[in-house]
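Q: Show me how the following folds:
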Amino acid sequence: MSEGTMQRRVQRDPRSPRAKRLARVLVCAVAVPLVAAGCSSDSGSDEGKDKGASASASASQSASPSPTVRAAAYGTLPEPCEVLSEKTLDDLVPKAKKGKEGSSDDVSTRGGCSWNSLDNNGVKGSQFRWLNVSLLRFESDVTRGAGDELAQEYYDKQVRDAQSAEGAKSVKAEPVDGTGDEATAVRYELKKKEGTFKQQTVVARVENVVVTLDYNGAGLAGDKTPEADDLMKDARKAAEEAVASVTKANGPGAAASGSASASPSESVSASPSASASESASKASSTG
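A: From the prediction side, this is the model:
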C-alpha cells in the first residue's frame with residue numbers, strides 16, 4: 001500500500017487524533033450561530049413579556065368600573081302651595097286668601113309656600129296665625145352620596161336649628177309617627193311686644209325629600225293666647241298631608257326604585273346638574 005493511500009485512511013479514521021481535532025472545530029463552528037440565535041430568542045421573549053404585561057395592566061384599568069351611587073327615589077316635588085287641602089287651610093289659617101309661593105331657581109329641587117291669617121274680633125282683639133311649608137329634594141351625587149343620605153343630614157340639621165331658635169323659651173321636641181320615614185315635632189314660645197307666639201315646627205323626611213312645616217299662633221290686642229297642644233295637633237296633621245303630597249307627586253313605585261338594592265342601571269355615575277348643598281342653603285333662607 002502506498003504512503004498516500006495510508007495517509008488518506010488515517011484522515012478518514014475517526015479514531016485518529018487529527019480527525020478528533022477536526023470534529024471539535026466543526027462542533028464549535030456550528031455552536032456559535034446556535035448560541036447567538038439562542039440569545040436573540042431570549043431577548044425577544046423578554047420584550048414580549050413586557051409588552052404583554054403592559055397590555056394586561058391597560059386592559060385592567062379600562063375594565064375598572066366608574067364610581068356609582070344608588071339613584072334617588074323621588075325626582076320631583078309637588079306645587080308647594082297645593083300640598084295642603086282647602087279644608088286643612090281653613091282650619092289652620094281661616095282668613096288666608098291665598099298662599100305666597102317662595103322664589104326658587106329650580107322648582108324640581110326646592111319650593112315653599114306661606115299663609116297669613118288675622119281673625120279680627122273687634123274690641124276683644126284678634127287671632128293671628130302663620131303657616132309655612134318648605135320642600136327640599138336631594139339628588140344622588142357620586143362624590144357626596146345617595147339622595148336619601150343627604151336628606152337625612154339636612155333633616156338632622158333642621159331639627160337642631162328648630163331647637164336652638166333665637167329667643168325660644170320652653171323648647172320641647174318629640175318624635176312623630178306615621179309621617180314619612182321619620183319626623184320630629186319641636187315646640188317653643190316666643191315673647192314679642194305684640195304678644196306670646198306659640199311656635200310649632202314639624203320636620204319630616206320621606207326618601208330623599210325633607211318637608212319642614214312651621215305653624216305659629218298668637219292672641220293679639222288682648223285676645224287670649226292659643227293652646228300649644230291644639231296648634232301642634234293641627235301642625236302634625238298638616239305635615240302628614242304635605243308628605244303624602246310629595247309621595248303622590250312621584251307615583252307609588254318611586255320609593256322602590258331608589259332602594260339600597262337598586263340595580264346598576266338605576267345607579268347614578270355622574271354628578272347632578274344642581275348642587276344639593278346649594279339648594280339646602282337657599283331653602284333655609286326661603287323659610
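Q: So Asp156 belongs to a strand, correct?
A: No - with DSSP: H, G, I helix; E, B strand; the rest coil as the criterion, Asp156 is helix rather than part of a strand.
Q: Compute the number of surrounding residues for it.
A: 15 (other C-beta atoms under 10 Å). Glycine gets a C-beta too; all of them are placed from N, C-alpha and C.
Q: I'd assumed Glu101 was in contact with Pro80.
A: Yes - Pro80 is in contact with Glu101 according to C-beta atoms under 8 Å; the separation is 5.9 Å.
Q: Of these two, which one has the most company?
A: More crowded of Pro80 and Glu101, by other C-beta under 10 Å: Pro80, with 24 against 16.
Q: quick one: contacts for the more buried one?
A: 99, 101-102, 111-113, 133-135 (C-beta atoms under 8 Å, 6 or more residues apart in numbering).
Q: Mind checking what secondary structure Leu150 has?
A: Classification of Leu150 using three-state DSSP returns helix.
Q: That one is in contact with Arg137, isn't it?
A: No - contact criterion C-beta under 8 Å: Leu150 and Arg137 do not qualify, at 9.9 Å.
Q: Could you tell me which residues touch both of the two?
A: Common neighbours of Leu150 and Arg137 are listed as Asn208 (criterion: C-beta under 8 Å, 6+ apart).
Q: which one of these two has more residues nearby?
A: Remark: of Leu150 and Arg137, Arg137 carries more neighbours, 29 against 24, as counted by other C-beta under 10 Å.
Q: List phi and psi for the more buried one.
A: Backbone torsions of Arg137, given as degrees, to the nearest 10, read phi -110, psi 140.
Q: was I right about it contacting Leu77?
A: Yes - assessed by C-beta under 8 Å, Arg137 is found in contact with Leu77 at 5.5 Å.
Q: List the residues that are in contact with both of these two.
A: What both Arg137 and Leu77 touch, as defined by C-beta under 8 Å, 6+ apart, is the set 108-110, 209.
Q: which of those residues lies closest to Thr196?
A: Using C-beta to C-beta, the shortest approach to Thr196 within these belongs to Arg110, at 31.8 Å.
Q: one step back: now do the shared contacts for Pro80 and Glu101.
A: Contacts common to Pro80 and Glu101, judged by C-beta under 8 Å, 6+ apart, are 111-113.
Q: What residues sit buried inside the one helix or strand Ala242 maps to?
A: Using DSSP states H and E, the element containing Ala242 is helix 228-250. Buried residues in helix 228-250, counted by 16 or more other C-beta atoms under 10 Å: 228, 231-232, 234-243, 245-247, 249-250.
Q: Same question for stretch 103-122.
A: Result for stretch 103-122 [16+ other C-beta under 10 Å]: buried residues 104, 109-115, 117.
Q: Looking at the shared contacts of Pro80 and Glu101, which one is closest to Pro175?
A: Gly112 (24.0 Å).
Q: In contact with Thr196: list those residues for me.
A: Applying C-beta under 8 Å, 6+ apart to Thr196 gives the contacts 189-190, 218-219, 225.
Q: What separation do you get for Glu101 and Cys81?
A: 5 Å (C-beta to C-beta, to the nearest Å).
Q: Touching both of the two, which residues are there?
A: The contact lists of Glu101 and Cys81 share Cys113, where a contact means C-beta under 8 Å, 6+ apart.
Q: ok so, going back, cross the contacts of Thr196 against strands and list the overlap.
A: 189-190, 218-219 (DSSP state E).
Q: Name the nearest of these relative to Asp161.
A: Distance to Asp161, by C-beta to C-beta, is smallest for Leu190 among the ones in strands among the contacts of Thr196, at 14.6 Å.
Q: Contacts only, for the closest one.
A: Contacts of Leu190 (C-beta under 8 Å, 6+ apart): 165, 167-169, 196-197, 199, 216.
Q: Now with 6 Å, please.
A: Shown in contact with Leu190 (C-beta atoms under 6 Å, 6 or more residues apart in numbering): 167, 197, 199.
Q: And for Pro226?
A: For Pro226, the contact set (C-beta under 6 Å, 6+ apart) comprises 198, 217.
Q: Let me see the backbone angles for it.
A: Backbone geometry at Pro226, expressed as degrees, to the nearest 10, gives phi -70, psi 160.
Q: which of the residues in stretch 166-178 are buried?
A: Across stretch 166-178, burial judged by 16+ other C-beta under 10 Å covers Val176.
Q: Just the CA coordinates for that stretch, please, in CSV.
A: In CSV, the C-alpha atoms belonging to stretch 166-178 read as follows (Å, rounded to 0.1, in the frame of the first residue of the first chain):
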residue,chain,number,x,y,z
GLU,A,166,-83.1,82.6,68.9
GLY,A,167,-85.3,83.7,71.8
ALA,A,168,-87.0,80.4,72.1
LYS,A,169,-88.5,79.5,75.5
SER,A,170,-89.8,76.2,76.9
VAL,A,171,-88.4,74.2,74.0
LYS,A,172,-89.7,70.6,73.6
ALA,A,173,-89.0,68.0,71.0
GLU,A,174,-90.7,64.6,70.3
PRO,A,175,-90.8,62.1,67.5
VAL,A,176,-93.8,61.9,65.2
ASP,A,177,-95.1,58.5,64.0
GLY,A,178,-96.8,57.9,60.6
